[in-house]
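A.B. asks: 3D model of this:
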Amino acid sequence: MDKNANDIVIDLGAALKDYEQYDGLGSGDVFPKAGLYVATIEKSRATTAEKDGKPMIVVVPVAQDEDARGLRTKPHNVLCGGLDKNNKSLGRQLGDLFVSLGMPSEEVKKITGSATLGQLAAQVIGKTVYIDVDSEFYEGKEQSAVVNFVTKERYETAKAANAHRRPRRQPVQYTGAPQGVLPLAGMPSPVSGFNLGGPANGAAAPAPVGAGMLADPLKAFSGLGMRQQ
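C.D. replies: Sure, this is the predicted structure:
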């Protein structure tokens, strides 16, 4: 340590004039096992997809089960509009979130009106949600991620049968083509432990329900005891 460091004078005005408090969503923890969990949405943010501008909210669920209490998944993208490659609405992801929050699927289909992304993001903070969690790998780092939103009934049924946990996904290992078979063009030479990584962020798209930008969810939220702004 520099023995003169104690005597360095800091211009606090210059150092702090551009200060902004960090408000990132953070990274994910590693859950002890994959499976179904009950969680609370700790953070939520309105944003758009960097690649194509699709509207979405990003949520961070925190597990409440005793074996994983306080562990966070990686931030999870919930698309709120736009179309997939089959020309179907990606609003189904938001519909799955609503159903997991406790809204019957038939009620989701009846929602009308509109809401801003900011309103949607604010409404889900602190709410209980049910999630299917598994591991993802990126650049050798493991994080637990939301695979899908599930219903309370599915979670409770699986837990009652002790079927709500499963081993975590492991990184894919490539050890080369079988003996006598030439590797595919572009594949790496056989290297033990080569990590192909996990699914891309937001690649797992929850299924059923919804269409387009969900309408009047704030009114529908009233049935879930959610505060309207």
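
A.B. asks: can we go C-alpha only for contacts and neighbour counts from here?
C.D. replies: Fine.

A.B. asks: which regions of the chain sit below the pLDDT cut-off?
C.D. replies: The model of the chain has pLDDT under 70 over residues 1-3, 20-24, 173-229.

A.B. asks: can you pull out the strands in it?
C.D. replies: 34-48, 55-63, 76-79, 128-138, 141-150, 165-166, 173-174, 194-195 (DSSP state E).

A.B. asks: Out of the ones you listed, flag the one nearest residue 6.
C.D. replies: Across the strands of the chain, residue 6 has its closest neighbour in strand 141-150 (37.4 Å, Cα to Cα).

A.B. asks: wait, which of the strands of the chain is closest to residue 89?
C.D. replies: Evaluated over these, closeness to residue 89 peaks at strand 76-79, with 9.5 Å, by Cα to Cα.

A.B. asks: Helices of the chain, residue ranges please.
C.D. replies: 12-16, 92-101, 105-110, 117-124, 152-160, 217-221 (DSSP state H).

A.B. asks: The longest one: how far from the chain's middle?
C.D. replies: Meaning helix 92-101. A distance of 13 Å separates the centroid of the chain from that of helix 92-101, by Cα atoms, centre = their mean, to the nearest Å.

A.B. asks: how far off strand 34-48 does it point, in degrees?
C.D. replies: Counting by axes from the mean of the first three to the mean of the last three Cα atoms, to 10 degrees, helix 92-101 lies at 130 degrees to strand 34-48.

A.B. asks: can I have helix 92-101 written out in CSV, keeping just the CAs?
C.D. replies: Only the C-alpha atoms of helix 92-101 are listed here, as CSV (Å, rounded to 0.1, in the frame of the first residue of the first chain):
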residue,chain,number,x,y,z
ARG,A,92,-49.3,-14.3,-24.3
GLN,A,93,-46.2,-13.9,-22.0
LEU,A,94,-48.0,-11.1,-20.1
GLY,A,95,-51.1,-13.2,-20.0
ASP,A,96,-49.2,-16.1,-18.4
LEU,A,97,-47.9,-13.6,-15.8
PHE,A,98,-51.5,-12.5,-15.0
VAL,A,99,-52.7,-16.1,-14.7
SER,A,100,-49.8,-16.9,-12.3
LEU,A,101,-50.8,-13.9,-10.3
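
A.B. asks: Many thanks, I have nothing further to ask.
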